[in-house]
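K.L.:
Turn this into a model:
(chains A and B)
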Amino acid sequence: MYTTVTYDGSFDGFLTCVFEIYERRLSNIIIKSKHLFESELFGTHEHIITDNNKSKRVFDGLKKHISAKGCRMLYYAFLSELNGIENTMLSVITYTFKSKKNIISDYSHQDVLQLSKVVKKVGREKHRMEAFVRFQQTKDNMYFANIEPDFNVLPLIKSHFTKRYADQKWIIYDLKRKYGLFYKLESTEIITIDFDLNHSKKDWFTDDEKNYETLWKDYFESTNIEERINTKLHIQHVPKRYWKYLSEKQP
Amino acid sequence: MSFDRIREKLNILADAAKYDVSCSSSGSNRKNTNKGLGNSTSMGICHTYTKDGRCVSLLKILLTNHCIFDCAYCVTRKSNDIKRAAFKVQEVVDLTINFYRRNYIEGLFLSSGIFKSADYTMERLVAVAKKLRLEENFNGYIHLKSIPGASDELMREAGLYADRLSVNIEIPTKEGLKKLAPDKKHDDFIKPMKKVKNEIIQYKSEKKIIKSTPKYAPAGQSTQMIIGASGETDMQIMYTSNYLYNKFDLKRVYYSGYIPVSYDKRLPMIGTEVPVLRENRLYQTDWLLRFYGFDVREILNPEHPDLDLDIDPKLSWALRNLHQFPVDVNKADKMMLARVPGLGMVSVHKILNARRFRNLNWEHLKTIGVKLNRAKYFITCNSRYFETRDYSASKLKDILVHNSTGKHKQAFTGQLALFT
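P.N.:
This is a model prediction of the structure:
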C-alpha cells in the first residue's frame, strides 16, 4: 500500500514533505507535485502544506553533512521536474542522514548516480540557455527573448543575465511554463504576461533589429568551412528542438 | 554608411577570418563594473556552432584583408585575386556591441591583414579594443591578434585592453617558413610573444603588491600551426608546440589542417582532402601533454616520428609499454590511472571518488559509467575475473581496432569485413 503525498510544487514544499515523512515516520511514500496528481484507486493521499520553518530545518540538517555543491545538486535535480525525481531525492536525503557523510560523490549508490545524471542534464540545459537566448530589440528599447527549455532553468540563469546585461532592460520569457524574468535596470523580477496573439509580432521590434538579424545570419554562413562540413556534429551541439528561437537558424 | 555596404564588408572579412580556428572565450575573468555591458568568466560560452561543427563564441573578423605579404598558404596573400575590404574602427565597435546586446556572442576576435606596416596595423587593432573598453564600458571578451613585428610599446598597450593575444606561427619549422613565406622572419613571431609573456609575469607580480594593478591579457596567449602544408612530421609539430608551451607559457596551441586555397606548386593541390584525422591525433597528443602528465618524448621520438592514424596516441604508447600494465584501479595513483587507454580524466575522477567508499569491481566500474571496452585489457580490480591472456602488442591492437565503434572505424577495418 502506498501513500501519495502532494505539495505545491515549490522546493520548500518538497522539503516540508521530507520533514513530515521523518517526523511521522511515514513509509512507502510517493511524493508528487499537486498539479501532476491524479487520484489513485489503491492507496491513500494526503496534501502537505508548505511550511518554511520545517523546510529550513531539513535544509540546515542536510548542510551539516553534504557540501554546498551537494545542496546545489539537490536543487538542480528538483528543477528538472522529471517524473519521480522527488523520490530519488528522498532516497539520497535518507542515505545522507543515515550515513552522516558527504555521500554526494558516492556514484556506486544507485540513487546518487541517478541524481548526478539528472543534475548533469539540468546543468547542460542551463548552459545551453545562457548560449541560445536570442534577444530582439523592441521599439520601447527593451531586449526580449522567448525560450522553451526542457527543464525549469530560469531560476538558474537569472544571475548570469543580470550580471552581464546590467545596462539594458531585458525580458526572458519561458513560454512552456508561462513566466519570465524581467530586468528593469535595478533588479530582476518574475513576471507573467498575457500575450495578445492578434497583435502582429513584427510591430514590436525596431527596424535595426531586422538588419542585425540579417548580419548575424550572414556571419553564421560565412564562418562555415565548406570543405569540413560535419552535419552530425553540428546537430549534436545545436539540437533541432532549439532551432525555433535561434535567429541564425530561421529560413 | 549604408546597411548593404556593411553587409558586404562583413561577408568578405568574416569569410577571410574563418581559417583561424581559435574561438575560445574562456580563461578570462572580467567583472561587469559600474553597470556597464558584459562580463567574461573562466568558463566560455559557445553561442552557436557552424555547420562544420566548430564553436562560435566570438565575432571573428579581419579589420582588413589588404595585405603587403605574400604567404603561399594564406587566402589574403597579396598575389591572390580576391575582393578586398576594410572596416572602420567605429564600424567594428558598433557590430560588436549590437551583437553582444542580443546575446549572439561572447566578444570580439579581431585579426587583420597587414597594410602599410606592422605598427600601423597593430595601432588600429588596439584602437578598436580601447574604444570598446573606455567609451562603451564593454567588459566582454576581446581577442587581438599580435601582428608579427609590432613594437613593444603597442604590444604592452594591447594587453591592457585585450583578454587574449595571439600570434600565429602557422608553419612549424624554420625551413618551411623560408619556403612558403619568404617575407616573414621567425624572429618576428617570437618577439611579440616574448614581450607579452614578460608583461604578464610583471603585471601578475605587481598585482600581488598593489591590488589595483590593471589586468594584463588575463586569458594569456595562444598560437596556431597549419598542418600538412610544408611536409613536416608530427614530431616536428609537437616538439615545436612543446617548446612554445614551456618557453612562453602559452594557454593553447591550435592545429589547423591545411585547406587548399592556392595553385602554388609548393603546396598540396586544390581538392586535396583536409587532414582532419591527423589534426585530431595532434589535439589528442596536445591533451596528453597538458593534462595527462605525458612527456612529448614518450609519445614522439626519432623511432616514432609520426602518430598512428588508426589508434589514438595514448593507446599507441601503452602498446609500446605493455610491461607497465595491468594496473589495479583500487590502488594506482591518479597519474597512472590517467595513462590507461580508454580512461579519460572524467573517468579517473569517478574512480578516485568511488573507491573511497568501497573496493571497486567490474560491476561498480560499469555503474559509475567507466567505459571498459578498451580499458579492460589494461586494468585489474576487485574481482577474480580479468583478462588473463598475455596478448602481444600487435594482437591486442588488432582486437582493439576491430572492436572499436569510433567514427573512423570504417577507414581501417573496411577490408576485414569480408571475413566476418
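K.L.:
The closest residue to B:Val370 other than its chain neighbours: which element?
P.N.:
Excluding its sequence neighbours, the residue lying closest to B:Val370 (Cβ to Cβ, 6 or more residues apart in numbering or on different chains) is B:Ser347, at 4.6 Å. Bear in mind the C-beta positions are built from the backbone N, C-alpha and C, glycine included. Using DSSP states H and E, the secondary-structure element containing B:Ser347 is helix B:345-354.
K.L.:
for that helix, which positions count as buried?
P.N.:
For helix B:345-354, the neighbour count (16 or more other Cβ atoms under 10 Å in any protein chain shown) marks B:Ser347, B:Val348, B:Lys350, B:Ile351, B:Ala354 as buried.
K.L.:
what do you get for stretch B:87-97?
P.N.:
For stretch B:87-97, the neighbour count (16+ other Cβ under 10 Å) marks B:Phe87, B:Glu91, B:Val92, B:Val93, B:Asp94, B:Leu95, B:Thr96, B:Ile97 as buried.
K.L.:
Restrict it to CA atoms and write it as CSV.
P.N.:
Provided in CSV are the C-alpha atoms of stretch B:87-97 (Å, rounded to 0.1, in the frame of the first residue of the first chain):
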residue,chain,number,x,y,z
PHE,B,87,36.3,48.2,-41.7
LYS,B,88,36.5,51.5,-40.0
VAL,B,89,37.2,51.4,-36.3
GLN,B,90,33.7,52.6,-35.3
GLU,B,91,32.0,50.0,-37.6
VAL,B,92,33.7,47.1,-35.7
VAL,B,93,32.7,48.7,-32.4
ASP,B,94,29.1,49.0,-33.5
LEU,B,95,28.9,45.5,-34.7
THR,B,96,30.4,44.0,-31.6
ILE,B,97,28.2,46.0,-29.2
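K.L.:
ok, B:Asp286 - contacts?
P.N.:
Under the criterion of Cβ atoms under 8 Å, 6 or more residues apart in numbering or on different chains, the contact list for B:Asp286 reads B:Met238, B:Ser241, B:Val253, B:Tyr255.
K.L.:
cool, and B:Tyr377?
P.N.:
Going by Cβ under 8 Å, 6+ apart, the list of residues near B:Tyr377 reads B:Phe325, B:Pro326, B:Pro341, B:Glu387, B:Tyr391, B:Leu396, B:Ile399, B:Leu400.
K.L.:
Take those and write them to TSV, including pLDDT and secondary structure.
P.N.:
As requested, these are exported to TSV (pLDDT from 0 to 100; DSSP: H, G, I helix; E, B strand; the rest coil):
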residue	pLDDT	secondary structure
B:Phe325	89	coil
B:Pro326	89	coil
B:Pro341	93	coil
B:Glu387	68	coil
B:Tyr391	80	coil
B:Leu396	86	helix
B:Ile399	85	helix
B:Leu400	84	helix
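K.L.:
on that earlier part again, out of the contacts of B:Asp286, which touch chain A?
P.N.:
With Cβ under 8 Å from any Cβ of the partner chain as the criterion, the contacts of B:Asp286 include none near chain A.
K.L.:
Does B:Ile227 touch B:Tyr255 like I think?
P.N.:
Yes - taking contacts as Cβ atoms under 8 Å, B:Ile227 lies within contact range of B:Tyr255: 5.2 Å.
K.L.:
Find the residues that touch each one of those two.
P.N.:
Both B:Ile227 and B:Tyr255 are contacted by B:Ile237, B:Glu279, B:Leu282, under the criterion Cβ under 8 Å, 6+ apart.
K.L.:
Now render these as TSV, adding pLDDT and neighbour count.
P.N.:
Shown next, in TSV, are the shared contacts of B:Ile227 and B:Tyr255 (pLDDT from 0 to 100; neighbours: other Cβ atoms under 10 Å in any protein chain shown):
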residue	pLDDT	neighbour count
B:Ile237	94	25
B:Glu279	91	19
B:Leu282	95	24
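K.L.:
For B:Asp15, state which of those residues is nearest.
P.N.:
Using Cβ to Cβ, B:Glu279 is the member of these that lies nearest B:Asp15, at 21.0 Å.
K.L.:
Now that closest one: closest residue in space that isn't a chain neighbour?
P.N.:
Leaving aside its chain neighbours, B:Glu279 sits nearest to B:Gly257 (4.3 Å; criterion: Cβ to Cβ, 6+ apart).
K.L.:
got the phi/psi numbers for the nearest residue to B:Ala86 once chain neighbours are set aside?
P.N.:
If the residues on either side of it in the chain are set aside, B:Ala86 comes closest to B:Thr64, at 3.6 Å by Cβ to Cβ, 6+ apart. Here the main-chain torsion angles of B:Thr64 (degrees, to the nearest 10) amount to phi -150, psi 160.
K.L.:
so who does B:Thr64 touch?
P.N.:
B:Leu13, B:Arg84, B:Ala85, B:Ala86, B:Phe87, B:Ser112, B:Gly113, B:Phe115 are the contacts of B:Thr64 under Cβ under 8 Å, 6+ apart.
K.L.:
likewise B:Asp308?
P.N.:
Contacts of B:Asp308 (Cβ under 8 Å, 6+ apart): B:Arg281, B:Ser316.
K.L.:
Next, give phi and psi for it.
P.N.:
Backbone torsions of B:Asp308, given as degrees, to the nearest 10, read phi -70, psi 140.
K.L.:
Repeat that for the one 5 residues further on.
P.N.:
Main-chain dihedrals, B:Pro313, degrees, to the nearest 10: phi -60, psi -30.
K.L.:
Report the separation between it and A:Met73.
P.N.:
35 Å (Cβ to Cβ, to the nearest Å).
K.L.:
These two: which is more packed in?
P.N.:
For B:Pro313 and A:Met73, the more surrounded residue by other Cβ atoms under 10 Å in any protein chain shown is B:Pro313, and the numbers stand at 27 against 24.
K.L.:
so what's the more buried one closest to, chain neighbours aside?
P.N.:
B:Thr285 (4.8 Å).
K.L.:
Would you confirm that the one you found contacts B:Arg297?
P.N.:
No - taking contacts as Cβ under 8 Å, B:Thr285 lies outside contact range of B:Arg297: 11.9 Å.
K.L.:
and the two? which has more neighbours close in?
P.N.:
Ranked by neighbour count (other Cβ under 10 Å), B:Thr285 and B:Arg297 place B:Thr285 first, with 27 against 12.
K.L.:
and stretch B:72-82, which residues are buried?
P.N.:
By neighbour count on 16+ other Cβ under 10 Å, the buried set for stretch B:72-82 is B:Ala72, B:Tyr73, B:Cys74, B:Val75, B:Thr76, B:Arg77, B:Asn80.
K.L.:
How about stretch A:10-22?
P.N.:
Buried residues in stretch A:10-22, counting neighbours by 16+ other Cβ under 10 Å, are found at A:Phe11, A:Asp12, A:Gly13, A:Phe14, A:Leu15, A:Thr16, A:Cys17, A:Val18, A:Phe19, A:Glu20, A:Ile21, A:Tyr22.
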